[in-house]
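K.L.:
Return atomic coordinates for the entry below.
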Amino acid sequence: MQLVVQVKLLPTPEQASALTATLRACNQAATHAAAIAHAKNLTDRNGLQQEVYAELKAVFGLSAQPAVRVVKKVVDAYTTLKANLRAGNLGRPGSKRRIKAESKPVTFRPRAAQPFDDRCLSWQLDQQTVSVWTTAGRLKKVRFACSPETLKLLAAHRRGESDLIERDGTFYLMATCDVPEAGPYEPEYFVGVDLRAKLQKKRTKSARRRLKERRRREQRHVKNTNHIIAKRIVTEAQRTSAGIALEDLGGIRHRARLRKPQRVTLHSWAFAQLGEFIAYKAHRQGVPVVHVDPAHTSQTCCECGYIDKRNRVDQALFVCRNCGVVAHADRNASHNIAHRGAVVWNAGRESRVPAAP
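P.N.:
Residues are numbered from 1 along each chain as shown. Sure thing, here's the model as predicted:
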């Protein structure tokens, strides 16, 4: 499986200036190439490269390999745009949003990420430095900082391109690592994870205001917290030989029937992020993961199976109208998800058993 790891660059002021100028030049070149691709309807990499390669070098000061990377970035951007159009993510055919997206070329922010391959960027992991091409020449011994675990991951599994990004005046490298997955084991039981618990807890007026005002620093804090939670869940499941059952939240944005203030919260909160983190960490460690239908998990009694929306008394309390069991609402939902996970796993296992001759 592929993982993307982040390291923080620690350039000198002169090196930082060169990196900023390089990002600006590459993104200006990418915007120019994107405009030509749009005007001439050039969709393939070879055709666009033949059209703009010489100009990217002569006008924008790019050397050969960075120019090639810029062309690929432009082609990838248009591929993503077309995929979003096909999926309907930019509105229906004829809508104002879709027409706007189709009628103008892709543009790139002055400090948007720029990919570098091993010809443009090399790593000296023992010294924790990198050597990187810039428009001011090759920068050598640019220091970087990362955790010991990340350093081991880079040394053993780094493959392909690394992206240079600048965020609030700080430079980072995002490196791709091709990590082998451990073989899954047969789980003794399943742990249910109620992913929508966080979403439900964020439906207050103050939460909506905070979500609207949240900046990238808070978003990074949320992401880091989800990483920590996911790691703890996967570690505990591995320690106890358990599998993990997650809610299948695909399409929930379209299925959920909420009032407008709640829809704002739903679309603002990265509610599926924790599930994604749990899934990839589990696959890496060989922990079995199944996705189950989340319908009525918060209204179903985990003891008797009785379903009634009145069972959910409030956000925290679950009281079954049939058998009278009293439980924490999130704990009850997680038990239902775990039970469905075991059913899904057993059904899949039975389908893999060869038929008797």
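K.L.:
Only C-alpha atoms from now on, for both contacts and neighbour counts.
P.N.:
Fine.
K.L.:
Count the neighbours of Ala83 for me.
P.N.:
Using other Cα atoms under 10 Å, Ala83 is surrounded by 13 other residues.
K.L.:
Tell me the secondary structure at it.
P.N.:
Counting by DSSP: H, G, I helix; E, B strand; the rest coil, the backbone at Ala83 sits in helix.
K.L.:
Show the contacting residues for it.
P.N.:
Neighbour list for Ala83: empty [criterion: Cα atoms under 8 Å, 6 or more residues apart in numbering].
K.L.:
got it, and the one 10 residues further on?
P.N.:
Residues touching Pro93, when contacts are defined by Cα under 8 Å, 6+ apart, comprise Ile99.
K.L.:
Doesn't it belong to a strand?
P.N.:
No: applying three-state DSSP, one finds Pro93 to be coil, outside a strand.
K.L.:
and it, what are its phi and psi?
P.N.:
The phi/psi pair for Pro93 (degrees, to the nearest 10) reads phi -60, psi 130.
K.L.:
how close does it get to Glu102?
P.N.:
10 Å (Cα to Cα, to the nearest Å).
K.L.:
Quick one: low-confidence residue ranges for the chain.
P.N.:
197-216, 250-271, 349-357 (pLDDT under 70).
K.L.:
Show me where it has its helices.
P.N.:
With DSSP state H as the criterion, the chain has helices at 13-40, 45-60, 64-87, 96-103, 148-157, 196-201, 205-213, 216-239, 252-255, 260-268, 273-285, 329-351.
K.L.:
got the contact list for Leu48?
P.N.:
Contacts of Leu48 (Cα under 8 Å, 6+ apart): 33, 37, 42, 71.
K.L.:
how about JSON lines for the residues you listed, with distance to Val132 added?
P.N.:
Listed next are the contacts of Leu48 as JSON lines, based on distance: Cα to Cα, whole Å:
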{"residue": "Ala33", "distance to Val132": "23"}
{"residue": "Ala37", "distance to Val132": "28"}
{"residue": "Leu42", "distance to Val132": "30"}
{"residue": "Val71", "distance to Val132": "19"}
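K.L.:
Out of those, which two sit at the greatest distance?
P.N.:
Greatest spatial distance among the contacts of Leu48 (Cα to Cα): Leu42 and Val71, at 11.2 Å.
K.L.:
neighbour count winner among these two?
P.N.:
Val71 (27 against 18).
K.L.:
Quick check: the more buried one touching Ala35?
P.N.:
No: Val71 is not in contact with Ala35 according to Cα atoms under 8 Å; the separation is 11.8 Å.
K.L.:
Overlap in contacts, the two.
P.N.:
With contacts defined as Cα under 8 Å, 6+ apart, no residue is shared by Val71 and Ala35.
K.L.:
Quick one: residues contacting the residue nearest to Ala101 when sequence neighbours are not counted.
P.N.:
Of all residues not flanking Ala101 in the chain, Leu90 sits nearest, at 7.5 Å (Cα to Cα, 6 or more residues apart in numbering). Leu90 makes contacts with 84, 97-98, 101, as judged by Cα under 8 Å, 6+ apart.
K.L.:
If you rank those by neighbours, which is first?
P.N.:
Arg98 (17 neighbours).
K.L.:
How much space separates that one from Ile36?
P.N.:
20 Å.
K.L.:
how about the residue nearest to Ala101, phi and psi?
P.N.:
Dihedral angles for Leu90 - degrees, to the nearest 10 - are phi -110, psi 30.
K.L.:
can I see the domain layout of the chain?
P.N.:
For the chain, automatic domain parsing gives the domain ranges 12-114, 120-178, 189-351.
K.L.:
of the contacts of Leu48, closest to Ala272?
P.N.:
Ala272 has its nearest neighbour among the contacts of Leu48 in Val71, at 32.3 Å by Cα to Cα.
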